[in-house]
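Chemist: Here is my input, please return the structure:
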Amino acid sequence: MRLSKNFSLAEFTKSQTAERKGIDNTPGDDHIESMELLCQEVLEPIRYHFEKPIMINSGYRSIALCEAIGSNANSQHAKGEAADIEIPGVDNLELAKHIQDNLDFDQLILECYNGEPSSGWVHVSFKDIENRKDVLTYDRTNGYRKGLIA
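Modeler: Below is the predicted model:
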């Protein structure tokens with residue numbers, strides 16, 4: 001099933017942890033609608049701008065999968081509203097800045113970035129109403145901090 005021109009449901013739901021542990025990671029219709037919105041409003045415009053495929057490291061996660069990886073049921077991943085992404089050949093800080101400056105989003109987190117172009121990943125989420133445009137940086141030493149800190 002296609003969520004948009006360049007994104008499939010299969011790439012949003014793939015999970016090695018789910019496969020290893022036998023966890024059902026099948027989204028419901030409301031989750032699929034949220035993923036379609038995320039693709040249309042955020043991911044497709046990113047793909048168009050950079051003219052390169054986007055790697056989805058983590059998209060939809062069922063509540064059971066969230067709990068298995070140490071996340072929780074309130075995660076935007078469990079609602080189909082979030083994806084952790086990278087673009088091969090594009091610095092993750094550059095990707096995060098582009099999203100911050102050009103797109104509507106609920107939350108943007110530059111995660112585990114250490115200054116090396118291929119380090120970390122970008123978490124981005126989108127809701128159908130009242131996006132907060134919350135921008136954070138996360139690393140294992142300092143935790144979460146406001147803004148894009150490289």
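
Chemist: Report pLDDT for the residue in the chain sticking out farthest from the centre.
Modeler: Centroid-distance maximum for the chain: G22 at 22.9 Å, with CA atoms, centre = their mean. G22 carries a pLDDT value of 96.

Chemist: residues in contact with the most centrally placed residue in the chain?
Modeler: Compute the mean C-alpha point of the chain, and by CA atoms, centre = their mean the closest residue is A83, 1.7 Å away. Each residue near A83 by CB atoms under 8 Å, 6 or more residues apart in numbering is listed here: 12, 38, 43, 56-59, 77, 123-125. Every C-beta, even on glycine, is put in place using the N, C-alpha and C of the backbone.

Chemist: beta partners of R145?
Modeler: Taking DSSP bridges, one obtains T137 as the residues bridged to R145.

Chemist: T137 is in contact with that one, correct?
Modeler: Yes: in this structure R145 lies within contact range of T137 using CB atoms under 8 Å: 5.1 Å.

Chemist: just to revisit the earlier point, helix, strand or coil: sort out the residue nearest to the centre of the chain for me.
Modeler: The three-state label given to A83 by DSSP: H, G, I helix; E, B strand; the rest coil is strand.

Chemist: Roughly how far does it sit from N57?
Modeler: 8 Å (CB to CB, to the nearest Å).

Chemist: before we move on, back to that, from the contacts of A83, which land in helices?
Modeler: Among the contacts of A83, the members found in helices (DSSP state H) are 12, 38.
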